[in-house]
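> fold the stuff below for me.
(one chain, ligands or ions: 1)
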Amino acid sequence: MSSQQDTPENSPHILVLGMGGTIAGLAANPEENPMEYQAGQVEVASLLAHIQSAIPEGIRLVSKQVANINSRNLTESLLTILGEAVREALANTLVKGVVVTHGTDTIEETGVFLQLTCGKYAQNLGKKVILTGAMLPANAPKADGPSNLLDAIRWVSAPIDNCPGGVYAVMDGRGCLAMDLAKRHGSALNAPIQDSPSSSVGLINPSWLSGVKAVQVLWNEDLPIPKEGEWPWVEILTSHAGARSETITHWLNSKVKGLVLAGSGLGGFHDAWRDSLGAAVKHGIALVRTTRTGAGKTLPDLPEKDIAGCLASGSLTAPRARIALQLALNAEKQVQATAKSLTWQDFFARIAVLPVIR
Ligand code: SIN
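Take a look at the predicted model:
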């Protein structure tokens, strides 16, 4: 094995990008209270040095610290920087694959962002981009980060015929498309779970693989990465008992470009919102409807006819639908400059139809 220090960037290697998170966290008193910790404390190079002796022979690693944050503080600018770093790495013939260490709180957003901006590129080049994280800080007695990172490194280096190039995530010995991973519990150690069936890392499940291919067939063109400072402003609003029209009208005189409505049940929202949402559409605010339940599809004209121009999110959760809407609005702006007449709805519809792997 070659250590990171003696691995020159000008020979074939796996690039490991560090974003921070619990995987890079440190607890003040790890034996007594491992959950009282600060995320984003350890450099990604140190995380790799810690597992160096377990890295299979022949795998060369280069690391780059993109950020070292608690991912609840993830910004759109950081997504731009990460997305560009991933695309640059994919374009580099010396980079055989990319691993991203990330906090689990917002891994859901980063997963869908990378799928929609780099997924086709990675697939066409036959390279994998794999996100991973941890639930316990790096110095906890039973830290899960080292095994997750090792799994990601082993999988990213696995032969192409095993699993196609694309954007994946690894946690707890299981792999899935990165756009299918989300944190689904506030504190449980197995909180980041796959929203669809996953595959054991190292033994790819054939039915899961055919689900991946079905998504990849439909995802035929990546969307542009918004430049730093040019992300359209999109908010998530939750419908609930006692909802008020002011929750919507509040935004009419703002620079908000889109609203994701996390509705109840099938994605329906409180009647108190209906008129003000009509006004929002007239103001040019893009509307997407999803469900606050955290699972299941939101379909057009269910539970009742959609407000004209409002799109249903398909299987996208509210945080994913928000990223998707931002990318769709940005793509609309980019094509306007080329005089093509595609709307955000055209771009968003391509995302909302992506199938859930069953
Ligand atoms: C974070 O998301 O940065 C903290 C929580 C975690 O990684 O599990």
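> list the contacts for the residue of the chain found nearest the ligand?
Scanning the chain for proximity to the ligand using Cβ to the nearest ligand atom identifies Gly103 as nearest, at 2.1 Å. No exception for glycine: its C-beta is placed from N, CA and C like everyone else's. The contact partners of Gly103, taken as Cβ atoms under 8 Å, 6 or more residues apart in numbering, are 19-23, 39-40, 69-72, 74, 133.
> narrow the residues you listed to those in strands?
Assigned to strands by DSSP state E, the following of the contacts of Gly103 qualify: 19-20, 69.
> let's have those in a markdown table, adding pLDDT and neighbour count.
Formatted as a markdown table, these follow (pLDDT from 0 to 100; neighbours: other Cβ atoms under 10 Å):
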| residue | pLDDT | neighbour count |
| --- | --- | --- |
| Met19 | 98 | 28 |
| Gly20 | 98 | 27 |
| Ile69 | 98 | 19 |
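> including distance to Val156, could the contacts of Gly103 go into JSON lines?
Listed next are the contacts of Gly103 as JSON lines, based on distance: Cβ to Cβ, whole Å:
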{"residue": "Met19", "distance to Val156": "16"}
{"residue": "Gly20", "distance to Val156": "20"}
{"residue": "Gly21", "distance to Val156": "18"}
{"residue": "Thr22", "distance to Val156": "21"}
{"residue": "Ile23", "distance to Val156": "16"}
{"residue": "Ala39", "distance to Val156": "23"}
{"residue": "Gly40", "distance to Val156": "22"}
{"residue": "Ile69", "distance to Val156": "23"}
{"residue": "Asn70", "distance to Val156": "25"}
{"residue": "Ser71", "distance to Val156": "20"}
{"residue": "Arg72", "distance to Val156": "26"}
{"residue": "Leu74", "distance to Val156": "22"}
{"residue": "Gly133", "distance to Val156": "15"}
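> derive a PyMOL selection command for the buried subset of these.
To isolate the buried ones among those in PyMOL, judged by 16 or more other Cβ atoms under 10 Å, type:
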select buried, resi 19+20+21+22+23+39+40+69+70+71+74+133
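> let me know the pLDDT of the nearest residue to Lys227 once chain neighbours are set aside.
Using Cβ to Cβ, 6 or more residues apart in numbering and skipping residues adjacent in sequence, the residue nearest Lys227 is Thr80, 6.5 Å away. Among the per-residue scores, Thr80 shows a pLDDT of 98.
> so the residue nearest the centre of the chain: helix, strand or coil?
For the chain, Gly111 is the residue whose C-alpha lies nearest the centre (Cα atoms, centre = their mean; 1.7 Å). What DSSP: H, G, I helix; E, B strand; the rest coil gives for Gly111 is helix.
> need the contact list for it.
131, 167, 169, 177-182.
> lowest average confidence, helix or strand, in this structure?
strand 192-194 (a mean of 73; mean pLDDT, DSSP states H and E).
> for the residue nearest to the centre of the chain, which non-adjacent residue is closest in space?
With sequence-adjacent residues excluded and distances taken as Cβ to Cβ, 6+ apart, Gly111 is closest to Ala178, at 3.4 Å.
> next one: that neighbour from Ala312, what distance?
Distance, Ala178 to Ala312, using Cβ to Cβ, to the nearest Å: 23 Å.
> if you count surrounding residues, which of the two has more?
Between Ala178 and Ala312, Ala178 has the larger neighbour count (other Cβ atoms under 10 Å), namely 27 against 23.
> low-scoring stretches of the stretch 201-350 of the chain, by residue?
Along the stretch 201-350 of the chain, the model assigns pLDDT under 70 to no residue.
> swap the cut-off to 90 and go again
By pLDDT under 90, the low-scoring segments of the stretch 201-350 of the chain are 201-207, 294-295, 336-341.
> quick one, strands of it?
Along the stretch 201-350 of the chain, counting by DSSP state E, counting those that start in this stretch, strands occupy 234-238, 258-263, 286-291, 311-312.
> how about those in TSV, adding distance to the ligand?
Compiled in TSV, those are given as follows (distance: least, Cβ to the nearest ligand atom, whole Å):
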stretch	distance to the ligand
strand 234-238	18
strand 258-263	20
strand 286-291	22
strand 311-312	29
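> quick revisit: quick one: the contacts of Gly111 as TSV, columns for distance to Leu47, secondary structure and pLDDT too.
Listed next are the contacts of Gly111 as TSV, based on distance: Cβ to Cβ, whole Å; DSSP: H, G, I helix; E, B strand; the rest coil; pLDDT from 0 to 100:
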residue	distance to Leu47	secondary structure	pLDDT
Leu131	14	strand	98
Val167	21	strand	97
Ala169	17	strand	96
Leu177	24	strand	95
Ala178	19	helix	96
Met179	24	helix	95
Asp180	24	helix	93
Leu181	19	strand	93
Ala182	23	strand	93
